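# Predicted model, plus sequence, below.
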Amino acid sequence: MPDKPNTWDIALRQFHEVAELLNLDPGLREYLSVPEAVHTFSVPVLRDNDETHVFTGIRSQHSFARGPAKGGLRFHPGVSIDEVKALSMWMTWKTAVVNVPFGGGKGGLICDYKSFSPREKERAARSFARRLTPVIGPEIDIPAPDVNTTPEVMAWIADEYGHYIGHPEPAVITGKPVDFGGSRGRDSATGRGLAYCVDRYYHNTGKSLEGQRVVIQGFGNAGQWAAKVLTTMGATIIAISDSRGAVYAPEGLSATGAIQHKLESGQVAGMPGEEVKHEELLELDCDILVPAALESVITAENAPRIKAKLIAEAANGPTTPDADTILHDRGVVVIPDVLANAGGVTVSYFEWVQNRQRYYWPEQKVFDRLQKGMRQALDEVQDLAESKNVPWRTAAYMLAIQRVAHAVEVNHPDF
Ligand code: GLU
């Protein structure tokens, strides 16, 4: 097995390729190629056996040019400074693609969070929150959920922040439970936004989503909601996987049944259908492939064998740059992460607005505004990709980098 590519190298390579195409001013290029700030913290956690273990927490604030930094927190053993830096840069482009008034940030806690007991989970989140507090705020940096971080984790962090500043401030973090200042519709927003993108793409290309066969790699929040909403739009889910296994059912499987099974047994394995290997899943005969887990799963090695005609990235960074080139040459359209999964941060923006106004929207209003935003962003990216004959990721980056660069030029006396 080749080493996993370095995510920060990938993010930089993607950025420099588009900066070159745009002929971006060298000073601006240098400025945007490093995060504005990277914080690391020692996070002590009292374990249930009375031992205290110290974990590393990270928060990278890549850009404040278009507003407060914005992006999730992931609690996972694979987190590293380079990964968090890359994810924060991708957030800068993502918020710009969907035009929400935020910059880009990301954080992580390096730990096997899934193996923690419920009490350890709360202690770890609160300990990290107390260290994060001085560098976040509703006008500074607004965290959100990401891998392994739930609405409950967001509530603990908001609670710690409120104690620190002396009063509740729900707008410091998004993705909170609805009863604790969260927005209706935030939970489903990433998967739903992806489904809106896919639906719009089919509409724009004069085709129907009815009966299109979908493979979903990764069955966390984004994968589950993508499966559910795509099903309601007429698509057929034929295979799903999670970190423990993969199931293939060529005649189609029930998204709600799969979600129920995962809820009850903690895994997708054991569902009706044929068990397949992780590597096989990505290469199954299908129309739409939705990578919804972690980075760099579609590589130069497997890209030539991928049969999907459309890839919609629910995960951040699932496709390496070499794979992107191969897929583009083969005519496979990739709706990139910074567009396809931007529904999450779009509804996070709605949540922040509702928190600031202390005025809460009905669910349908959230869905309607999300759909409008996703369609507009998709149309802009598709138009540019087709008129310039470039991969969709390149087109999305062109739009985003221009918006961010413009904000820096307007605001910053040194540019
Ligand atoms: N973690 C999500 C992402 O990668 C959501 C970020 C947010 O809502 O701020 O887009």
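Great, that's in hand. Remember, predicted model here, so these are calculated numbers, not experimental data.
# For the protein, what lies in contact range of the ligand?
Contacts of the chain with the ligand, taken as Cβ under 6 Å from any ligand atom, map to 70-72, 94, 144-146, 174, 316, 341, 344-345, 348. (C-beta placed from N, C-alpha, C; glycine too.)
# what about the residue in the chain that the ligand sits nearest to, how many residues close to it?
Distances between the chain and the ligand by Cβ to the nearest ligand atom are smallest at Gly72, namely 2.7 Å. The number of residues packed near Gly72 is 25, by other Cβ atoms under 10 Å.
# Keep only those of the residues of the chain next to the ligand that are in strands.
Among those, the members falling in strands (DSSP state E) are Lys70, Gly71, Gly72, Ala144, Pro145.
# how much space is there between the residue of the chain closest to the ligand and Glu301?
Going from Gly72 to Glu301 by Cβ to Cβ, to the nearest Å gives 28 Å.
# same question, Lys85
Counting by Cβ to Cβ, the gap from Lys85 to Glu301 is 25 Å.
# Compare the two (neighbour count), which wins?
More crowded of Lys85 and Glu301, by other Cβ under 10 Å: Lys85, with 21 against 14.
# which residues of this protein score low on pLDDT?
1-3 (pLDDT under 70).
# The residue sitting furthest away from the middle of it: what secondary structure?
Using Cα atoms, centre = their mean, the residue of the chain lying farthest from its centre is Asp50. It sits 35.2 Å away. Following DSSP: H, G, I helix; E, B strand; the rest coil, the label given to Asp50 is coil.
# Skip the chain neighbours and tell me the closest residue to the residue of the chain closest to the ligand.
Among residues not flanking Gly72 along the chain, Asp146 sits closest, at 2.8 Å (Cβ to Cβ, 6 or more residues apart in numbering).
# wait, is Gln376 part of a strand?
No: secondary structure of Gln376 (three-state DSSP): helix, not part of a strand.
# what about Val404, which SS state?
Secondary structure assignment for Val404 (three-state DSSP): helix.
# ok, it - contacts?
Val404 is in contact with Leu32, Ser63, Ala65, Arg66, Thr92, Trp93, Ala96, counting by Cβ atoms under 8 Å, 6 or more residues apart in numbering.
# ok, which stretches of this protein are helices?
Assigned by DSSP state H, the helices in the chain fall at 7-22, 26-32, 81-97, 118-132, 151-165, 189-204, 221-232, 255-265, 278-282, 321-329, 337-340, 343-357, 363-388, 392-411.
# Output the contacting helices and strands for the longest one.
So that's helix 363-388. With contacts taken as 3 or more Cβ pairs under 8 Å, 6 or more residues apart in numbering; DSSP states H and E, helix 363-388 sits against helix 189-204, helix 337-340, helix 343-357, helix 392-411.
# what about Ser115, how many residues close to it?
9.
# how about it, what does it touch?
Applying Cβ under 8 Å, 6+ apart, no residues qualify as near Ser115.
# coming back round to it: which of the helices of the chain is buried the deepest?
Of all these, helix 337-340 has the most neighbours on average by mean count of other Cβ atoms under 10 Å, namely a mean of 30.
# Against which helices or strands is it packed?
Packed against helix 337-340 by the contact rule (3+ Cβ pairs under 8 Å, 6+ apart) you find helix 81-97, helix 189-204, helix 363-388, helix 392-411.
# Can you tell me what sits against that helix?
Contacts for helix 337-340 (Cβ under 8 Å, 6+ apart): 90, 93-94, 97-98, 193-194, 197-198, 312-318, 377-378, 381, 392-393, 396-397, 400.
# and if you look at stretch 236-252?
With Cβ under 8 Å, 6+ apart, stretch 236-252 has contacts from 211-220, 223, 227, 230-231, 253, 255, 258, 262, 267-269, 271-278, 280-281, 284, 286, 293.
# Which members of these are classed as buried?
212-220, 223, 227, 230-231, 253, 255, 258, 262, 267-269, 271, 273, 276, 281, 284, 286, 293 (16 or more other Cβ atoms under 10 Å).
# Return the subset of those lying in strands.
Going by DSSP E, the strands hold Arg213, Val214, Val215, Ile216, Gln217, Val276 from these.
# what's the spacing between the first one and Pro177?
Using Cβ to Cβ, we find Arg213 at a distance of 35 Å from Pro177.
# quick revisit: which of the ones in strands among the residues of the chain next to the ligand has the largest number of neighbours?
Busiest of these [other Cβ under 10 Å] is Gly71, holding 33 neighbours.
# Leaving out sequence neighbours, find the closest residue to that one.
Nearest residue to Gly71 in three dimensions, chain neighbours excluded: Met91, at 3.7 Å (Cβ to Cβ, 6+ apart).
# same deal with Ile81?
Ile58 (5.7 Å).
# Pull the contacting residues for that neighbour.
Counted by Cβ under 8 Å, 6+ apart, Ile58 has contacts Val38, His39, Thr40, Phe41, Val79, Ile81, Val84, Gly107, Gly108, Leu109, Ile110.
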